[in-house]
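Trainee: Pasting a predicted model and its sequence here:
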Amino acid sequence: MMKHLTASLCLCLLLCAASKVIMAQGGKAWVKVSPSGEQFTVQMPGNPSKKTQKNVYGDLRVDGQIYTAVDGDAGYAVWSFKNTNYSNALPIETDEYLDACADLVWESLLKPRRDMLPQEPNIDAHMAYAGELTGTTLPGREYSITLDTTTGVTNFYVSGERIYILMVLNAPRNATETERFLKSFTSTRPASSVTALPPDTRSKSTLPSATNSSAGVGIGPGLGQSSGGAGNVTGDKIQPAPANDSDPNRVYNTREVTQKARILTRPEPVYTESARKYRVTGTVVLRAVFSKTGEVVNIKVTRKLPHGLTKGAIMAARSIKFIPAVRDGRDVSQYIQIEYNFNLY
């Protein structure tokens, strides 16, 4: 059972300071922060304070430093963690790693601040998925943060055993200073340190025919719903490589078949509890083949969503029942594109 074991006192101090400290007009001068022994640089207002911090949540056991600074009402923090539970021999899939980091931020790092909020029904406290980060060589994500009247944003990145978490509170996401802080982050960690498993070595919890998929921990009893489902199936967007009709393994697009594949049943994916928790919405897009033997094979992800939704979409797609496409009186394989739309109700 996942359990919060350590309190983030540094963050509490940061939040308190951010709400009380009034700076002189014009604010602090921003400086480039590149701590000795670290593998990152970032711009922060003034010289940040530094403290050691350890946290444990779920399978993550992290140990490192937190760098904090305040400017006016805004608070800025960078956690540079080493995941001491990380194993090069048993790496986890990158999207699953990022899912775990979201839990680390919300359930551990922000828990002391959440515990300070009044226990009233009208108090809004949540962290919402905003999107994938593509501006650096490391995989990362952005989430918005709401803690009653305090709002903010967090970006985090993973690279092997290293986890970097950036957070801004009491400042708008589109503020110049917020953008400056978040976009200035760079890491010298090599891209080869990014955790990923090739398709043929993934654990049994993932789907062996899927590549670039989000391998969530599992499919929960989600309270949200998915819409659109396997009804959004097309084949015209995928162009097969030139091939001879005599090739028994050739895959055709919809314009090349006499009769398109006909769907009989199309199960809906489950909206996971983790996705509901982080208010994830959007569309998972899959490309696959309706084989002449009646199986959905060669599934590839062209657009993904975190917290188990991509995995759920793949599972639903693999369960589609259909009558194969026909060309010149014989069953053939056909390319298809499937879209699953996930929305909260």
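Mentor: Cool, the structure landed.

Trainee: Low-confidence regions, the stretch 1-150 of the chain specifically.
Mentor: Residues of the stretch 1-150 of the chain that meet the criterion pLDDT under 70 lie in 1-27.

Trainee: Please repeat the previous calculation with a cut-off of 50.
Mentor: 1-10, 13-26 (pLDDT under 50).

Trainee: Helices of that one, residue ranges please.
Mentor: Shown for the stretch 1-150 of the chain, the helices assigned by DSSP state H, counting those that start in this stretch span residues 9-20, 94-103, 111-115.

Trainee: Is residue 253 in contact with residue 335, as I believe?
Mentor: Yes - counting by Cβ atoms under 8 Å, residue 335 is a contact partner of residue 253 at 5.1 Å. C-beta coordinates here come from the backbone N, C-alpha and C atoms, glycine included.

Trainee: okay, the two: which has more neighbours?
Mentor: residue 335 (23 against 18; other Cβ atoms under 10 Å).

Trainee: Could you check how far the more buried one is from residue 316?
Mentor: To residue 316, residue 335 is 18 Å away according to Cβ to Cβ, to the nearest Å.

Trainee: Same question for residue 142.
Mentor: According to Cβ to Cβ, residue 142 and residue 316 sit 27 Å apart.

Trainee: So between those two, which is more surrounded?
Mentor: Neighbour comparison, residue 142 and residue 316: the larger count goes to residue 316, with 23 against 17 (by other Cβ under 10 Å).

Trainee: how would you label that one: helix, strand or coil?
Mentor: helix (DSSP: H, G, I helix; E, B strand; the rest coil).

Trainee: Just the pLDDT for it.
Mentor: Residue 316 is assigned a pLDDT of 97 by the prediction.

Trainee: Any idea how many residues pack against the spatially closest residue to residue 128 that is not a sequence neighbour?
Mentor: Distance criterion Cβ to Cβ, 6 or more residues apart in numbering; nearest residue to residue 128, sequence neighbours excluded, is residue 279 at 4.1 Å. A count of nearby residues for residue 279, using other Cβ under 10 Å, gives 16.

Trainee: ok, residue 279 - contacts?
Mentor: 126, 128-129, 344 (Cβ atoms under 8 Å, 6 or more residues apart in numbering).

Trainee: Restricted to buried residues, select these in ChimeraX.
Mentor: In ChimeraX, a selection of the buried entries from the contacts of residue 279 looks like this (16 or more other Cβ atoms under 10 Å):
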select :129
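
Trainee: Out of the contacts of residue 279, flag the one nearest to residue 92.
Mentor: Using Cβ to Cβ, residue 129 comes nearest to residue 92 of the contacts of residue 279, at 18.9 Å.

Trainee: What pLDDT does the model give the spatially most central residue of the chain?
Mentor: For the chain, the residue nearest the mean C-alpha position is residue 306 (4.3 Å; Cα atoms, centre = their mean). For residue 306, the pLDDT comes out at 98.

Trainee: Take the contacts of residue 279 and write them to CSV, including distance to residue 33.
Mentor: What follows is the contacts of residue 279, written out as CSV (distance: Cβ to Cβ, whole Å):
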residue, distance to residue 33
126, 30
128, 28
129, 27
344, 38
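
Trainee: Residue 184: which of the contacts of residue 279 is nearest?
Mentor: Residue 184 lies nearest to residue 129 out of the contacts of residue 279, by Cβ to Cβ, at 22.9 Å.

Trainee: Which residues are in contact with that closest one?
Mentor: When contacts are taken as Cβ under 8 Å, 6+ apart, residue 129 is in contact with 102, 141, 143, 278-280, 306-307.

Trainee: In this structure residue 57 contacts residue 105, no?
Mentor: No - with contacts counted by Cβ under 8 Å, residue 57 stays clear of residue 105, the gap being 9.1 Å.

Trainee: mind checking the SS state of the residue nearest to residue 263 when sequence neighbours are not counted?
Mentor: Nearest residue to residue 263, sequence neighbours excluded (Cβ to Cβ, 6+ apart): residue 322, at 4.8 Å. Following three-state DSSP, the label given to residue 322 is strand.
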